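Engineer: okay, predicted coordinates and the sequence, questions at the end:
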Amino acid sequence: AIRGFSAEIAWCDEISSWKYERDTWRNIIACLREGTNPQVVVTSTPQRTSVMREIEGYEGTIVSTSSTYENKHNLPKTFLDALEENYAGTLLYRQEILGEYLEQAEGAMYNEEDILHGEAPTSSYDQGCISIDPAVTVSENSDETGIIVAARLADYAFIIDDFSGKHSIDVWAQKAVDLQHELGFMILAETNNGGDLIVKAVKDKDPYARIKRIHAIASKTDRLAEAAMYYQQHKVIHTKVFKDLELQMISWVPPLPGKSAKGSPDRADAGAQALRYLFGKRKAPSLVHLPPKLTNRIATTIKGRIQ
């Protein structure tokens with residue numbers, strides 16, 4: 001719909017959340033052909049996507065940042081108090097509320113540039129799963145329960161959705177059953193990390209639910225390191241921007257020997273478990289040559305993201 005227009009100025013709002021970020025941006029630039037000095041205004045949550053980095057690098061780009069609190073006189077106190085209560089001290093608070101750019105955390109296992117986004121395939125998947133990393137308790141200080149829906153087509157995995165959160169056992173078990181009824185995907189239960197809890201909770205909801213017991217790598221660091229290799233090989237595609245998951249991926253740093261980790265990468269851990277199931281127990285993904293039909297189908301998904 002953007003093609004064919006001719007303009008002197010464009011306003012791009014929330015560009016970092018656009019589904020076809022790069023293609024849309026290129027079309028807009030191609031339409032700025034009026035006047036002697038066409039201008040673009042970009043307003044967005046400060047996410048360091050590849051396109052945002054590219055725009056910042058242009059000669060003449062002026063970057064201006066502000067926080068929600070600069071508009072506090074126009075916002076109710078109850079709203080501001082809720083922000084403080086629910087998000088203060090988190091990376092999401094710094095990004096979404098304070099308007100800070102969050103750089104790649106030093107020592108993080110995932111690189112932001114390796115997190116690709118694209119459309120889900122239109123054809124059926126070869127395999128799918130609902131991966132659960134359960135929290136034992138539910139309170140203000142509890143870890144989240146990671147719930148990641150993922151699937152594989154040929155040698156590519158797709159992260160389809162993220163339903164993680166501070167859920168009670170009853171809530172996440174029902175969600176897993178509902179997703180299986182909707183998608184037909186296998187529910188995963190780690191035998192060495194809450195597996196019995198998952199099986200019991202899910203079977204209480206549906207005695208006929210299909211559950212796959214898997215033995216996970218004992219160390220979270222090793223689990224995430226294995227998953228990170230698939231991202232580095234550009235074998236994993238996110239079907240949309242999963243802010244909380246992706247922020248966790250690029251900010252969680254494994255602890256030093258003898259030290260405790262800061263926070264639990266619940267979402268990333270559930271995603272790592274899903275990839276291990278979908279790709280199998282191998283150290284790294286194989287670089288296979290796909291048949292032309294599959295290559296064309298997948299190329300549209302990752303076009304422009306791995307150049």
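Structural biologist: Sure thing, it's come through.

Engineer: between the two ends of stretch 42-60, how far is it?
Structural biologist: Stretch 42-60 has an end-to-end distance of 13 Å (C-alpha to C-alpha, to the nearest Å).

Engineer: report the spatially closest residue to Y93, excluding sequence-adjacent ones.
Structural biologist: Excluding the flanking residues, the one nearest Y93 by C-beta to C-beta, 6 or more residues apart in numbering is Y87, at 3.9 Å. For every residue, glycine as well, the C-beta is placed using N, CA and C.

Engineer: tell me, how many residues neighbour I15?
Structural biologist: For I15, the count of nearby residues is 20 (other C-beta atoms under 10 Å).

Engineer: which ones are touching it?
Structural biologist: 21, 25, 42, 44, 51-52 (C-beta atoms under 8 Å, 6 or more residues apart in numbering).

Engineer: with only the CA atoms kept, save stretch 225-236 in PDB.
Structural biologist: Output in PDB follows, covering the C-alpha atoms of stretch 225-236 (Å, rounded to 0.1, in the frame of the first residue of the first chain):
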ATOM      1  CA  ALA A 225      24.500 -22.600  25.000                       C
ATOM      2  CA  GLU A 226      23.200 -25.500  22.900                       C
ATOM      3  CA  ALA A 227      20.100 -23.400  21.900                       C
ATOM      4  CA  ALA A 228      22.300 -20.400  21.100                       C
ATOM      5  CA  MET A 229      24.200 -22.400  18.500                       C
ATOM      6  CA  TYR A 230      21.000 -22.900  16.500                       C
ATOM      7  CA  TYR A 231      20.400 -19.100  16.600                       C
ATOM      8  CA  GLN A 232      24.000 -18.500  15.500                       C
ATOM      9  CA  GLN A 233      23.400 -20.800  12.500                       C
ATOM     10  CA  HIS A 234      20.200 -18.800  11.700                       C
ATOM     11  CA  LYS A 235      18.100 -21.900  12.100                       C
ATOM     12  CA  VAL A 236      15.500 -20.300  14.400                       C
END
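
Engineer: picking up where we left off before, just to check, the residue nearest to Y93 is in contact with Q95?
Structural biologist: No - at 9.9 Å, Y87 does not count as touching Q95 under the criterion of C-beta atoms under 8 Å.

Engineer: tell me which of the contacts of I15 fall in helices.
Structural biologist: Here DSSP state H is the test, and those give 21, 25, 51-52 as lying in helices.

Engineer: I only care about those residues that end up buried; give me the PyMOL line for that.
Structural biologist: Selecting only the buried entries of those in PyMOL, with 16 or more other C-beta atoms under 10 Å as the criterion:
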select buried, resi 21+25+51+52
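
Engineer: and the two most separated of the ones in helices among the contacts of I15?
Structural biologist: Distances among the ones in helices among the contacts of I15 were taken as C-beta to C-beta; the most separated pair is W25 and M52, at 9.7 Å.

Engineer: before we move on, the earlier item: between the ones in helices among the contacts of I15, which is closest to A157?
Structural biologist: E21 (21.1 Å).

Engineer: check contacts around the residue lying closest to the closest one once chain neighbours are set aside.
Structural biologist: Once flanking residues are discounted, E21 sits nearest to V51: 4.9 Å by C-beta to C-beta, 6+ apart. Shown in contact with V51 (C-beta under 8 Å, 6+ apart): 15-16, 21-22, 25.

Engineer: pull the number of nearby residues for A201.
Structural biologist: 21.

Engineer: ok, and the closest non-adjacent residue to it?
Structural biologist: Spatial nearest neighbour of A201, chain neighbours left out: A173 (3.8 Å); criterion: C-beta to C-beta, 6+ apart.

Engineer: ok, now W172?
Structural biologist: Residue nearest to W172 in three dimensions, not counting chain neighbours: T145, with 4.8 Å by C-beta to C-beta, 6+ apart.

Engineer: E96 now?
Structural biologist: Nearest residue to E96, sequence neighbours excluded (C-beta to C-beta, 6+ apart): T45, at 6.1 Å.

Engineer: the residue nearest to A201 contacts D204, correct?
Structural biologist: Yes - A173 is within contact range of D204, at 6.9 Å (criterion: C-beta under 8 Å).
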